[in-house]
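Q: one predicted model, sequence on top.
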Amino acid sequence: QVQLVESGGGLVQAGGSLRLSCATSGRTFRNYPMGWFRQAPGNEREFVAGISRSGENTKYADSVKGRFTISRDNAKNTVYLQMNSLKPEDTAVYYCAADSRYWDLVAVSRGEYEYWGQGTQVTVSS
């Protein structure tokens, strides 16, 4: 079993920055590719960024490329999402997720992630 706990969300003005963290516990964190998703009211949960087990491979949604950076610290069992140049359309609940497959790739589909956190709210004001 894997437990994921997100933190770092909040209210920020457009153009500002936030850093989300996802602390994990349970099975060995370094075995899991990790991802960040977000869900705005009335919208489906969408892929934001993902990182492979080793950290060598990353993927981003087109809407956040060049503004968001995903990283991981396997010693701290934590994955991060640095969000810069935030826009009002980035407002959503952000979820951390773990892919339980033992591979060094990055999945972009919600259904490929087995474990999920409870989410953290990010609100960007204009």
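A: Ah, there it is.

Q: other SSEs contacting the longest strand belonging to the chain?
A: Across the chain, the longest stretch assigned as strand under DSSP state E is strand 18-26. Using 3 or more CB pairs under 8 Å, 6 or more residues apart in numbering; DSSP states H and E as the contact criterion, the elements in contact with strand 18-26 are strand 2-7, strand 34-39, strand 78-83, strand 92-98, strand 120-125. Where you see a C-beta, it was placed from the backbone N, CA and C, and this is true even at glycine.

Q: rerun that using 6 Å as the cut-off
A: Using 3 or more CB pairs under 6 Å, 6 or more residues apart in numbering; DSSP states H and E as the contact criterion, the secondary-structure elements in contact with strand 18-26 are strand 2-7, strand 78-83.

Q: and the first one, which residues are buried?
A: Put plainly, it is strand 2-7. The neighbour-count check on strand 2-7 (16 or more other CB atoms under 10 Å) flags V2, L4, E6 as buried.

Q: hmm, which of these is lowest in pLDDT?
A: Across the buried residues of strand 2-7, the member with the lowest pLDDT is V2, scoring 84.

Q: surely it is in contact with S100?
A: No - counting by CB atoms under 6 Å, V2 sits too far from S100 to count as a contact (7.6 Å).

Q: follow-up on the earlier one: now do the longest strand of the chain: everything it contacts.
A: Applying CB atoms under 6 Å, 6 or more residues apart in numbering, the set of residues contacting strand 18-26 from outside is 1-8, 12, 77-83, 94, 96.

Q: spit out the contact partners of N77.
A: Under the criterion of CB under 6 Å, 6+ apart, the neighbours of N77 are T24, F29.

Q: recalculate using a threshold of 10 Å.
A: With contact taken as CB atoms under 10 Å, 6 or more residues apart in numbering, N77 is in contact with C22, A23, T24, S25, G26, T28, F29, R30, Y32.

Q: Y115: what's it in contact with?
A: For Y115, the set of contacting residues under the criterion of CB under 10 Å, 6+ apart consists of 1-4, 24, 26-27, 32, 34, 96-100.
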